[in-house]
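Chemist: Sharing a model prediction with you, sequence too.
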Amino acid sequence: MPRTLVIGFGNIDRADDGAAFAVINTLRRRLGRPPLGEGETGWEETGGDLDTVFLHQLTPETAEYLVAYRRIVFVDAHVLENAPEIHTFPVTPDFEPAAFTHHLTPAMMLGLLKALYGAEPEGRVVSIRGYDFDFRRGLSPRTGELAAKAAELILGLVENPVQG
Amino acid sequence: MASRKITIEPVTRIEGHGRVTIYVNDQGEVEESFFHVDEFRGLEKFCEGRLYFEMPQITQRICGICPVSHHLAAAKACDAVARVEIPRPAKLLRELMHMGQLVQSHGMHFFHLAAPDLLLGFDADPATRNVVGIIKANPELALKAVALRRYGQRIIERLGGKRVHPNFAVVGGVNAPLSPKDRDEILADHAEALATTRTAVDIAKGWIEANQETVSAFASFPSCYMGLVDHEGGLHMYDGEIRVKGADGKLLAQFRPEYYLAHVAEHVESWSFLKFPYLRKAGWPQGTYRVGPLGRLNVVDKIGTPLAQEEFLRFRQINGGKPVEGSLYYHYARLIETVYALERITQLLDDRDILSTDVCAPAPAAKIPGQGVGVIEAPRGTLFHDYSTDEDGRLTRVNLIVATGNNNWAMNTASGLVARAFVNGNRLTEGMLNRVEAAIRCYDPCLSCATHALGKMPLEITLVGPDGTVLDRISR
């Protein structure tokens, strides 16, 4: 298996925006690892063939950690009405002009990796439909169900990429 | 006269969504322009009922980019609620973390958001007018820029245990001292960070010199200015009194942060969810002010570190000693502050108290009905946290005025001026729209860092005719 990083991002105080946190912790349990606590990223425990981390958002210096991986799965919530509730697709390097934000998208992250280090890991996004982005902890019932399914999907993806 | 509408919706998020609506008449001339931002009031309600000492952890989740500012402003407000005076070493360590935040945030803004316009041009192909274009143009500088941001982040990490959402400032101080090893490691990488920043200063100055006409005219307008000053009137990012100067540079007010409500009022417009703060005594709209790097450098008398002071003296000459009005000068001011932050880091690390273990005052009384205000200069400007509690320490009222809110009027004015100067409704170009965005970008607004769900809403400009018909649309 190519060295793989599953990187979730979102805000656990904004309901379904924290969907990736649930996905990452489900994965970690399945892999026999302790779930991340509030505020933990998991970076300290990386170094294996399949690492799992959770961040608030993607920022440029994250690139220096990602350069060590040959495959990266980005996990996020989505609000796309015309996409499947679990929306997965390959992502390739791309960089758009940043309007106001310091935050990077997965494609921009890969673009930065390529431009800075010449690294071109295989990229994939797994996004889970969010329905509630209010100021509260915990997922809506439907997004909670989707998060559990997404974790299983990611396990399948990393074990057999062809299925993705 | 009938008018048509152009709307720019550049933000890809759900909450904190910002957009620009430009109204043009039949001749394609801009009649009016509005910058709309959603508000963070939801967070204030979310906090009510929570225990006050949780706030340094809760409020920093407003943003993944400037969490330290909210973390520290909240801690200061909690100190005030609990009526505790924090030990000097704790103040030094909080300020050290704040300087790390300033370096990473300002560095990120310049290289990621500002430099593409400055180095590649407002009209450059959007496909290359970004940080990757910068990397291609100057890969060595790009790597140094990433290292600069990492340097600031690692200061935060060393003190707070992690780069984002640190657990460090608590009521009465901080929860851990600085180790000699961490101090030495921060110092070891310092020279490179400072060199990169000075290179950026030279880039900005060179661009300003070469584009003097644009810089002087682009989103340049009079306003009041606000920022914290120390007891000598010098720049201070963590503590001090709030000073407000008028458009002519004369002092309008100087007050302790806890009295902010006596000096700051908020105006409401029907077309925006975000209020418009202004200096009460000057009235609306004469009392509208700008915060952030330009606001700060326009109110201080000096900067207490040598290299930054040298640049500050040059900055002051731009308008003959009077306030500098051009929005693009924010970029220069931002870099001067980054130099200051880096120099201040060495001042703090050289302080005899920096390794002290006396970093937290005794626990406050259990019953503490009260009110407390914490104010800090966030990278984007003055940030107010104001809490009231019941006797069990549960929050009964939370009022946050964030830097982006303080600059609301300024961003609206800046984008409107640029729209009038560059947008022609009969001939839309991406470069015109980028200039409108660039006017707002000068202020480095933090509009939407609370959620990050995927749900692409492209930058879109729509021309709508008097009868509601869409006449033209461009997006990216």
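Modeler: Cool, the structure landed. Source: prediction; values computed, not measured.
Chemist: For B:Asp248, give me the backbone phi and psi.
Modeler: phi -90, psi 0 (degrees, to the nearest 10).
Chemist: again, but for the one 4 residues further on
Modeler: Dihedral angles phi and psi of B:Leu252 (degrees, to the nearest 10) take the values phi -100, psi -30.
Chemist: what about it, distance to B:Gly393?
Modeler: Between B:Leu252 and B:Gly393 the computed distance is 36 Å (C-beta to C-beta, to the nearest Å). Any C-beta I mention is one placed from the backbone N, CA and C, and that applies to glycine too.
Chemist: residues touching the spatially most central residue of chain B, list them.
Modeler: Of all residues in chain B, the one closest to the mean position by C-alpha atoms, centre = their mean is B:Arg380, 0.8 Å from it. Taking C-beta atoms under 8 Å, 6 or more residues apart in numbering or on different chains, we find B:Arg380 in contact with B:Cys66, B:Ser105, B:Val291, B:Gly292, B:Val402, B:Ala403, B:Thr404, B:Asn407, B:Tyr443, B:Asp444, B:Pro445, B:Cys446.
Chemist: got it, and A:Asp94?
Modeler: With C-beta under 8 Å, 6+ apart as the criterion, the residues that contact A:Asp94 are A:Ala107, A:Met108, A:Leu110, A:Gly111.
Chemist: so where's the stretch 51-200 of chain B uncertain?
Modeler: Applying pLDDT under 70 to the predicted model, the residue ranges of the stretch 51-200 of chain B that meet it are B:62-65, B:162-165.
Chemist: next one: chain A
Modeler: Judged by pLDDT under 70, chain A has its weakly predicted residues at A:96-102, A:161-164.
Chemist: Find the centremost residue of it, please.
Modeler: A:Val75 (2.4 Å).
Chemist: Are we agreed that it is in a helix?
Modeler: No - when classified by DSSP: H, G, I helix; E, B strand; the rest coil, A:Val75 is found to be strand rather than part of a helix.
Chemist: Identify, by residue count, the longest helix of chain A.
Modeler: With DSSP state H applied, the helix covering the greatest number of residues in chain A is identified as helix A:141-159.
Chemist: buried stuff in that helix?
Modeler: Applying a neighbour-count criterion of 16 or more other C-beta atoms under 10 Å in any protein chain shown, one finds A:Thr143, A:Leu146, A:Ala147, A:Ala150, A:Ala151, A:Leu153, A:Ile154, A:Leu155, A:Leu157, A:Val158 buried in helix A:141-159.
Chemist: Go ahead and confirm the second one touches A:Ile86.
Modeler: Yes - contact criterion C-beta atoms under 8 Å: A:Leu146 and A:Ile86 qualify, at 5.7 Å.
Chemist: Could you tell me which residues touch both of the two?
Modeler: With contacts defined as C-beta under 8 Å, 6+ apart, the residues shared by A:Leu146 and A:Ile86 are A:Ile128, A:Arg129.
Chemist: Name the helix or strand for B:Gln371, please.
Modeler: Here B:Gln371 sits within strand B:370-378, counting by DSSP states H and E.
Chemist: Check what contacts that strand and list those residues.
Modeler: The set of residues external to strand B:370-378 that reach it, using C-beta under 8 Å, 6+ apart, is B:52, B:66, B:69-70, B:72-83, B:98, B:227-228, B:236-238, B:242, B:257-258, B:260, B:296, B:382-389, B:402-403.
Chemist: and those, which of them are in helices?
Modeler: B:69-70, B:72-82, B:98, B:260, B:296, B:403.
Chemist: Now look at stretch A:114-125 and say if it contacts chain B.
Modeler: Yes - applying C-beta under 8 Å from any C-beta of the partner chain, one finds that stretch A:114-125 is in contact with chain B at A:Ala115, A:Leu116, A:Val125.
Chemist: what number of residues lie near the second one?
Modeler: Right, the one you point to is A:Leu116. Applying the criterion other C-beta atoms under 10 Å in any protein chain shown, we find 20 residues in the vicinity of A:Leu116.
Chemist: after the host helix or strand of it comes which helix or strand?
Modeler: According to DSSP H and E, A:Leu116 maps onto helix A:106-117. Toward the C-terminal end, the helix or strand that comes next after helix A:106-117 (DSSP H and E) is strand A:122-129.
Chemist: So which elements touch that next one?
Modeler: Applying 3 or more C-beta pairs under 8 Å, 6 or more residues apart in numbering or on different chains; DSSP states H and E, we find strand A:122-129 packed against helix A:19-30, strand A:71-78, strand A:86-91, helix A:106-117, helix A:141-159.
Chemist: Apply 10 Å and report the result again.
Modeler: On a contact count with 3 or more C-beta pairs under 10 Å, 6 or more residues apart in numbering or on different chains; DSSP states H and E, strand A:122-129 meets strand A:4-9, helix A:19-30, strand A:71-78, strand A:86-91, helix A:106-117, helix A:141-159.
Chemist: Neighbouring strands - and their directions - for it?
Modeler: Strand partners for strand A:122-129, identified by DSSP bridges, are recorded as strand A:71-78 (parallel), strand A:86-91 (antiparallel).
Chemist: Could you say which of those is packed most deeply?
Modeler: Greatest average neighbour count among the strands paired with strand A:122-129 goes to strand A:71-78 (a mean of 25), per mean count of other C-beta atoms under 10 Å in any protein chain shown.
Chemist: now the helices and strands packed on strand A:122-129 as a markdown table including distance to B:Asn175?
Modeler: Conversion of the helices and strands packed on strand A:122-129 to a markdown table gives the following (distance: least, C-beta to C-beta, whole Å):
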| stretch | distance to B:Asn175 |
| --- | --- |
| strand A:4-9 | 26 |
| helix A:19-30 | 24 |
| strand A:71-78 | 31 |
| strand A:86-91 | 39 |
| helix A:106-117 | 32 |
| helix A:141-159 | 32 |
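Chemist: And these: which comes nearest B:Ala147?
Modeler: helix A:106-117 (10.7 Å; C-beta to C-beta).
Chemist: List the buried residues of that closest one.
Modeler: Applying a neighbour-count criterion of 16+ other C-beta under 10 Å, one finds A:Pro106, A:Ala107, A:Met108, A:Met109, A:Leu110, A:Gly111, A:Leu112, A:Leu113, A:Lys114, A:Ala115, A:Leu116 buried in helix A:106-117.
Chemist: Next: stretch B:75-83.
Modeler: Across stretch B:75-83, burial judged by 16+ other C-beta under 10 Å covers B:Ala75, B:Lys76, B:Ala77, B:Cys78, B:Asp79, B:Ala80, B:Val81, B:Ala82.
Chemist: re the thing from before, out of the contacts of B:Arg380, who's the most crowded?
Modeler: Busiest of the contacts of B:Arg380 [other C-beta under 10 Å] is B:Asn407, holding 32 neighbours.
Chemist: That residue and B:His70: what is the separation?
Modeler: Spatial separation of B:Asn407 from B:His70 under the definition C-beta to C-beta is 17 Å.
Chemist: mind listing what B:Ala253 touches?
Modeler: With contacts defined as C-beta atoms under 10 Å, 6 or more residues apart in numbering or on different chains, B:Ala253 is in contact with B:224, B:226, B:241-246, B:259, B:262-264, B:279-282, B:287.
Chemist: Looking at those, which are in strands?
Modeler: Among those, the ones falling in strands (DSSP state E) are B:Cys224, B:Met226, B:Glu241, B:Ile242, B:Arg243, B:Val244, B:Lys245, B:Val264, B:Leu279.
Chemist: Quick one: distance of stretch B:95-103 to the chain centre.
Modeler: The chain centroid and the centroid of stretch B:95-103 are separated by 13 Å, computed with C-alpha atoms, centre = their mean, to the nearest Å.
Chemist: Now it - C-alpha only, CSV.
Modeler: As requested, C-alpha coordinates have been extracted for stretch B:95-103 and formatted as CSV (Å, rounded to 0.1, in the frame of the first residue of the first chain):
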residue,chain,number,x,y,z
GLU,B,95,2.7,38.4,24.2
LEU,B,96,5.3,36.0,22.8
MET,B,97,2.5,33.8,21.6
HIS,B,98,0.7,36.8,20.1
MET,B,99,3.9,37.8,18.2
GLY,B,100,4.1,34.3,16.8
GLN,B,101,0.5,34.7,15.6
LEU,B,102,1.2,38.0,14.1
VAL,B,103,4.2,36.7,12.1
